[in-house]
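S.K.: Okay, sequence plus prediction incoming.
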Amino acid sequence: MNDEKVLDISWGTILKIASAFVFIYFAYLVKDILIWIVFALVISVLADPAIDFLKRLRFPRVLSTILIYVLIFSIFGGLIYFIIPFFAFEIQQFTQLFPQYFEKIAPPLSGLGVEAFESMEVFTGTIEGWLMRASSNIFNAIAVIFGGIISTMTIFMLAIFLSIEEKGVDDIIALLSPKKYERIVLAIWKKSKLKVSKWFGMRLILSVFVGLLTFIACHILNVRYAVSFGLLVGISDIIPIIGPVFSGVVIILFCALESWVKALFIMIILVLIQQIEGSILTPILTKKVIGLPPALVLVALLIGGRLWGVLGAILAIPLLGLFYEFFKNFLREKKEAQAELQ
C-alpha cells in the first residue's frame, strides 16, 4: 500500500489567509493615507526630545507641543522669507549670463554627441518642447501642487496630535508586540527613537555648518550664486559621501567657467570644510549615536522622494534609522537572551 500524503488545511487557516489578503488589499487602497501616517510618526518622533525638555521645565504637554511646532514653522518660514529674495536674484543673474556659459560648455558637450547643445537655437527648441510637454497636462500639475499642500498640512496636523498623545504610539507598539517581548520591544523603541532624534538633529546642525561656511567662502572669493551654492551643499550634505562630492563638482565646474584659479581655491576650501566636518565635528556631535550605512541612506532618499517629494526624501532617512536601530537592538537582545538560556 502506497503512503499518501494528504494536505489538511483547517477552516481556521483558510480564514487567516483570506484575512491577510483582505488586509493587504485594504492597505493598498489606502496606501497614501498610510504614508501620511508614517511620515507624521517620524516628525512626532523627531520633535519628542524637545517636547520632553519643555515638560521637564514644568510646561504642560499640550503647550510644549504647540510651542515646539510653532518654533519649527517659524524657523523654516523665516529662512524661506530671508533666502528667497537672494535666491531669486541669483536665478535672474544666471538667466542673463547663460549665453556666456553656453558658449563655453556647448563645444565639449556637442562633441560628446549631446544634440541639445549643437547650437543655442537647438537648445532653446529643446527647452521649449519640454515646457510644452510639461504644460500639456496643466490640470494634473495644479492637482499635484495643491495635493502636496493639503497632504503636508494633514501630515503636520497628524504629527501634532501624535505628539500631544504622550504614550499613544507606545501603547500601539505594546499592543502589537508578543506578550513575552513587550517589555523588551518598548525599551528598545524608546532608546531607538531618542538616538534617531539626536542623530537627525546633529545632521541638521552639520548641514547648516557646511552650507554656511560654503556661502561665506563663495562670498569672500566673489563667486556668483553664493546663496544657491550654500543651499546646495547644506542639503546634499545629508547624503554621506555622494552628496558632498556631487555639490563640490557642481560648484567647481561653475567656478571654472569664470576662472581656473578661483575654481582651485574653492576646491581646496570645500575639501577643508569636509575634513573639518568628517574628522572633527562628526565624531564629537554624533558620538554614541547611530551610524547608518551610506547605501541605505541613498535607498531611503530614493524611496522617500518617490513617495512624497523632497520632504519625503529627508524624512525617509530618520524612518530608516528607526527601523535599522530597532531591529538591530532587538536581534541583539534576542541573541543575548538565548545565550543566557543555554
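M.R.: Cool, got the structure. Numbering: from 1, shown residues only.

S.K.: Please parse this protein into its domains.
M.R.: Domains of the chain are assigned by automatic domain parsing as 32-82+109-166, 181-334.

S.K.: For Tyr25, find the nearest of those domains.
M.R.: For those, proximity to Tyr25 was assessed by Cβ to Cβ; domain 32-82+109-166 is nearest, at 13.0 Å. The way it works is simple: take the backbone N, C-alpha and C, and place the C-beta from them, glycine included.

S.K.: Do a quick rundown of the helices in the stretch 51-200 of the chain.
M.R.: Per DSSP state H, counting those that start in this stretch, the stretch 51-200 of the chain carries helices over the ranges 61-111, 120-135, 138-164, 168-176, 182-220.

S.K.: Now render these as TSV, adding distance to Ala256 and mean neighbour count.
M.R.: As requested, those are exported to TSV (distance: least, Cβ to Cβ, whole Å; neighbours: other Cβ atoms under 10 Å):
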stretch	distance to Ala256	mean neighbour count
helix 61-111	9	13
helix 120-135	20	11
helix 138-164	36	14
helix 168-176	50	13
helix 182-220	14	18
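
S.K.: Kindly report which one of these carries the lowest mean pLDDT.
M.R.: Note on those: lowest mean pLDDT is at helix 120-135, with a mean of 59.

S.K.: Now stretch 256-275: buried residues?
M.R.: Neighbour-count burial for stretch 256-275 flags Ala256, Leu257, Glu258, Lys262, Ala263, Phe265, Ile266, Met267, Ile269, Leu270, Ile273, Gln274 (criterion: 16 or more other Cβ atoms under 10 Å).

S.K.: In three-state terms, label Asn222 for me.
M.R.: Here Asn222 is coil, with the state taken from DSSP: H, G, I helix; E, B strand; the rest coil.

S.K.: Let me know how buried it is, in neighbour terms.
M.R.: Neighbour count for Asn222, taken as other Cβ atoms under 10 Å: 10.

S.K.: how about the nearest residue to Ser44 once chain neighbours are set aside, what does it touch?
M.R.: Sequence neighbours aside, Leu162 is the residue nearest to Ser44 in space, at 3.9 Å (criterion: Cβ to Cβ, 6 or more residues apart in numbering). Leu162 sits next to Ala40, Leu41, Ser44, Gly168, Val169 when contact means Cβ atoms under 8 Å, 6 or more residues apart in numbering.

S.K.: Same check on Ala47?
M.R.: Thr65, Ile68, Tyr69, Ile72, Ala159, Ser163.

S.K.: Sounds good, over and out.
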